[in-house]
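Engineer: Let me see the structure of the following:
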Amino acid sequence: MTLQEVLKSVDNLSIADQVLLLEQLKKRFAQKNINNTNQENFWEMTLRSREQMEREEIVFTDEDFANLRDRSPGREVDF
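Structural biologist: Predicted structure coming up:
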């Protein structure tokens with residue numbers, strides 16, 4: 001079901017049912033926000049990634065990044 005179909009279905013509900021639906025959605029989003037606060041932040045994910053790389057003995061060298069840069073002068077500009 002697409003979002004547009006869902007919205008059309010909501011339009012077909014009574015006002016009381018629409019209010020009830022809205023309250024249920026608010027509860028679900030509030031619960032998801034509570035769950036998201038327990039997730040790792042960027043720094044914790046970075047540290048976990050580094051630990052995993054060490055366990056798997058993954059090593060990056062300068063050669064791995066040698067030809068990543070686009071050395072072209074860029075687009076042509078007309079003045």
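Engineer: Please, which helix or strand holds Leu20?
Structural biologist: Element membership for Leu20, per DSSP states H and E: helix 15-36.
Engineer: Dump the C-alpha coordinates for that helix into CSV.
Structural biologist: Only the C-alpha atoms of helix 15-36 are listed here, as CSV (Å, rounded to 0.1, in the frame of the first residue of the first chain):
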residue,chain,number,x,y,z
ILE,A,15,-13.2,11.9,13.0
ALA,A,16,-13.2,9.8,16.1
ASP,A,17,-11.2,7.1,14.4
GLN,A,18,-8.8,9.6,12.9
VAL,A,19,-8.2,11.1,16.4
LEU,A,20,-7.7,7.6,17.8
LEU,A,21,-5.2,6.8,15.0
LEU,A,22,-3.3,10.0,15.6
GLU,A,23,-3.0,9.1,19.3
GLN,A,24,-1.7,5.6,18.5
LEU,A,25,0.8,7.0,16.1
LYS,A,26,2.1,9.5,18.7
LYS,A,27,2.5,6.7,21.2
ARG,A,28,4.5,4.6,18.7
PHE,A,29,6.8,7.5,17.7
ALA,A,30,7.3,8.4,21.3
GLN,A,31,8.4,4.8,22.1
LYS,A,32,10.7,4.8,19.1
ASN,A,33,12.4,8.0,20.3
ILE,A,34,12.9,6.4,23.7
ASN,A,35,14.5,3.4,22.0
ASN,A,36,16.7,5.6,19.8
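Engineer: Quick check: mean pLDDT of that helix?
Structural biologist: The pLDDT scores in helix 15-36 average 82.
Engineer: cool, stretch 71-79 as well?
Structural biologist: Mean predicted confidence for stretch 71-79 is 85.
Engineer: so how far does that stretch reach from one end to the other?
Structural biologist: 23 Å (CA to CA, to the nearest Å).
Engineer: And for stretch 54-64?
Structural biologist: Start and end residues of stretch 54-64 are separated by 17 Å (CA to CA).
Engineer: That stretch: which residues count as buried?
Structural biologist: Applying a neighbour-count criterion of 16 or more other CB atoms under 10 Å, one finds nothing buried in stretch 54-64. Heads up, the C-betas are built off the backbone N, CA and C, glycines and all.
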